[in-house]
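**Q** Sharing a model prediction with you, sequence too.
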Amino acid sequence: MTKVITYGTYDLLHYGHIKLLERAKALGDYLIVGVTADDFDRKRGKLNVQQTLIERIEAVRATGLADEIIVEEYEGQKIDDIKRFEVDIFTVGSDWVGQFDYLNEFCKVVYLERTQGVSSTELRSRQHEIRIGLVGESRVINKFAHESQYINGIRIVGVCTKAPENLNAALLKLPLVTASYPELLEHVDAVYILSHPSKHYRHIKAALEKKIHVLYESPMALSLAHCKELQTLSRTQDCVLSEGIKTAYSIAYNRLILLAKSGKIGDILSVEAVCTSLQDIDYSDSKSLEHTWNSMTAWAPTALLPVFQLLGTQYTSKQIISKIGNEEMRFDKFSRLHFIYPTATASVLVGKGIKSEGHLIISGTKGYIYVPAPWWKTEYFELRYENPQENRRYFYQLDGEGIRYEILAFARAIDKKQHHNIASNISEGIVQIMEAFVQRKDCLSLDN
């Protein structure tokens, strides 16, 4: 019996895929089809895969051409599979000519001509294009625009800003660069909101009322009532309201949260998160602070994410201790937050006027998870135990600081009519902390 093996993503399975599988099947008696896993696709730079692994496997199975379907999960697996399944022929499309000649040492390699005029990339690009407008004064807008280039079906069409000097040359060349938010809303399907947090409620509400999808940098608003109003409005308008905490979309971060929840370190008793970035800020200049995010709004949503995801939002008490740089603007140089839960504690340190080790430590009854600085750009973390021989290290590639994954999730949510990736109770929990800070509830201020 002649065994044949081939590999592919098989996203949006089309006529070209089927013809290639038919020709592969004709090479032997038994066809093994390797479908690439989501994580492996991301490592290879394939971020725009539209279907889940299960959907893609089922599509291949439905062709009736595969005698066996396996999942490709790591670099070098092809050699392992060829040996394990005693494969006679490895085959792949002709666009890979020469790339797999090294496999001739293990089996025969055959390159098959692809069907012309059809590809998954073309099919994805034909889908409805999402026109996005950018809102805000931060230079991060330039990063967002750059990362959006990696996502099919996304087109940046305009910017609303009161600080055009912060835009790069590419954004300044867009058809629409304006200070008028209503004007921007007339030309877009979705907006990315990075305006000052005090304007989020107004900007998000105006977009949702026009049935425009919203991706916003957390926090959503500065009061819980406004937060709940916007969540309700997004549902009634059938619009996506997605929270932009880039860490939440990192493969490594999601993996460590799952491991923590699975009991790998036992019962979680403590979470400690530190996010700081020392910046030169004139705290006496209230006018310049109008467009500047304070320490709480800039960093607390990220730092609170693992706390609320692992321990929940039903803490029994909290305390916010701040060093205030400008009382009028509620601008803190740094803030430390303490949370008491029935069976655990959490500590968060955020600051733009302080520098500290930006790590994340999740402590449990069996061990702990350690994520080195800067943990919010998670690529690597460790599970550590009393016996060092039991320690485990995990590495994951992070492209574009996680921003492109965030954009991809937003585009998919719009396409599939889903709501945001971060649970609504966590969004509300973040806003409650912002409201407490603004109102100075459960807050202490250090002397200047």
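**A** That came through, no problem. Only a predicted model underlies this, so the values are computations on that prediction, with no experimental measurement involved. Residues are numbered from 1 along each chain as shown.
**Q** how about low-confidence regions in the chain?
**A** 39-48, 115-128, 418-421, 448 (pLDDT under 70).
**Q** can you pull out the helices in it?
**A** Assigned helices in the chain, in chain order: 15-26, 38-43, 53-62, 77-84, 120-126, 140-148, 169-172, 181-185, 200-209, 224-236, 251-261, 295-311, 403-416, 424-439 (criterion: DSSP state H).
**Q** Quick one: residues contacting residue 445.
**A** By Cβ atoms under 8 Å, 6 or more residues apart in numbering, the contact list for residue 445 reads 321, 322, 323, 324. In this view, the C-beta of every residue, glycine as well, is placed from N, C-alpha and C.
**Q** In CSV: those residues, plus distance to residue 97 and neighbour count.
**A** CSV is the format used below for the contacts of residue 445 (distance: Cβ to Cβ, whole Å; neighbours: other Cβ atoms under 10 Å):
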residue, distance to residue 97, neighbour count
321, 64, 16
322, 62, 24
323, 63, 17
324, 65, 22
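**Q** Output these in a markdown table, with distance to residue 102 appended to each entry.
**A** Shown next, in a markdown table, are these (distance: Cβ to Cβ, whole Å):
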| residue | distance to residue 102 |
| --- | --- |
| 321 | 60 |
| 322 | 59 |
| 323 | 59 |
| 324 | 62 |
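**Q** can you count the residues close to the closest residue to residue 244 other than its chain neighbours?
**A** In this structure, residue 244 finds its nearest non-sequential neighbour in residue 217, 4.5 Å apart by Cβ to Cβ, 6 or more residues apart in numbering. By other Cβ atoms under 10 Å, the residues close to residue 217 number 25.
**Q** Okay, now stretch 79-96: how far is its last residue from its first?
**A** For stretch 79-96, the first-to-last residue distance is 17 Å (Cα to Cα, to the nearest Å).
**Q** What of stretch 394-407?
**A** Counting by Cα to Cα, you get 25 Å between the two ends of stretch 394-407.
**Q** What lies in contact with it?
**A** With Cβ under 8 Å, 6+ apart as the test, stretch 394-407 has contacts from 39, 42-43, 45, 47, 143-144, 146-148, 150-151, 154, 215, 244, 246-253, 255-256, 377-383.
**Q** Determine which of the helices of the chain approaches residue 334 most closely.
**A** For residue 334, the closest of the helices of the chain is helix 295-311, at 5.5 Å, according to Cβ to Cβ.
**Q** Counting by contacts, list what the closest one packs against.
**A** Counting contacts by 3 or more Cβ pairs under 8 Å, 6 or more residues apart in numbering; DSSP states H and E, helix 295-311 packs against helix 251-261, strand 268-276, strand 331-340, strand 345-351, strand 360-364, helix 424-439.
**Q** And those: which comes nearest residue 183?
**A** Between the helices and strands packed on helix 295-311, helix 424-439 lies closest to residue 183; by Cβ to Cβ that is 28.5 Å.
**Q** In that closest one, which residues are buried?
**A** Under the neighbour-count criterion of 16 or more other Cβ atoms under 10 Å, helix 424-439 has 424, 426-438 buried.
**Q** What of stretch 11-22?
**A** Judged by neighbour count using 16+ other Cβ under 10 Å, the buried positions of stretch 11-22 are 11, 12, 13, 14, 16, 17, 18, 20, 21.
**Q** Assess the claim that residue 28 and residue 88 are in contact.
**A** Yes. Contact criterion Cβ atoms under 8 Å: residue 28 and residue 88 qualify, at 6.4 Å.
**Q** What is the neighbour count of residue 67?
**A** Residue 67 has 14 neighbours, counted by other Cβ under 10 Å.
**Q** Hmm, residue 21 and it touching each other?
**A** No. Applying Cβ under 8 Å, one finds residue 67 not in contact with residue 21, separated by 11.2 Å.
**Q** who touches both of these two?
**A** Counting by Cβ under 8 Å, 6+ apart, the common neighbours of residue 67 and residue 21 are residue 31.
**Q** Any idea how far stretch 92-111 is from the middle of the chain?
**A** Between the centre of stretch 92-111 and the centre of its chain there are 35 Å (Cα atoms, centre = their mean, to the nearest Å).
**Q** same question, stretch 227-236
**A** 22 Å.
**Q** List the buried residues of that stretch.
**A** Of the residues in stretch 227-236, 227, 228, 229, 230, 231, 233, 234 count as buried by neighbour count, 16+ other Cβ under 10 Å.
**Q** Out of the residues you listed, which is nearest to residue 84?
**A** So of the buried residues of stretch 227-236, ranked by how close each gets to residue 84 (Cβ to Cβ), first place is residue 234, at 48.8 Å.
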